[in-house]
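K.L.:
I'll drop the sequence and a predicted model, then ask my questions.
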Amino acid sequence: MLFPPKAARYVFTFVMSTYMVTIMTFVITAVNTGFDAGFLLRWWGAFIIAWPVAYVLILIGAPRLQVLASRLIKKQPEQVQEAQE
């Protein structure tokens, strides 16, 4: 184990934001500017700007969005009955 359990939220946020920003900035940079000699430099510039924004948004928003998503999930009839008991 590299990190203590209390760091789980921050580790998740780091991994999720890095994953999403890497893919999104790569795709958007490629679509908008194409693959040429300066592609990696343009992609890196987009990544450096987008990653801190994504990190903060996930850190702040993920707990609230998890609650919202759980409220949007329809409970199965047996789950509703168990909850009432």
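P.N.:
Structure received. Numbers count the residues shown, from 1 in each chain.
K.L.:
what about Phe35, distance to Leu41?
P.N.:
Phe35 sits at a distance of 12 Å from Leu41 (criterion: C-beta to C-beta, to the nearest Å). Any C-beta I mention is one placed from the backbone N, CA and C, and that applies to glycine too.
K.L.:
For Trp43, the count of nearby residues, please.
P.N.:
A count of nearby residues for Trp43, using other C-beta atoms under 10 Å, gives 19.
K.L.:
Do I have it right that it meets Thr25?
P.N.:
Yes: between Trp43 and Thr25 there is a contact under C-beta atoms under 8 Å: 5.9 Å.
K.L.:
ok, now which ones touch Gly10?
P.N.:
Quick fix: residue 10 is Tyr, not Gly. Counting by C-beta atoms under 8 Å, 6 or more residues apart in numbering, Tyr10 makes contact with Leu59.
K.L.:
helix or strand right after the host helix or strand of it?
P.N.:
Assigned by DSSP states H and E, Tyr10 falls within helix 8-33. Counting by DSSP H and E, the next helix or strand C-terminal to helix 8-33 is helix 39-72.
K.L.:
For that next one, buried residues please.
P.N.:
If you call a residue buried by 16 or more other C-beta atoms under 10 Å, then helix 39-72 has these buried ones: 42-43, 46-47, 50-51, 54-55, 58-59.
K.L.:
In a markdown table, list the residues you listed along with distance to Val67.
P.N.:
A markdown table is the format used below for the buried residues of helix 39-72 (distance: C-beta to C-beta, whole Å):
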| residue | distance to Val67 |
| --- | --- |
| Arg42 | 37 |
| Trp43 | 34 |
| Ala46 | 31 |
| Phe47 | 30 |
| Ala50 | 25 |
| Trp51 | 25 |
| Ala54 | 20 |
| Tyr55 | 20 |
| Ile58 | 15 |
| Leu59 | 15 |
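K.L.:
Cool, thanks, signing off.
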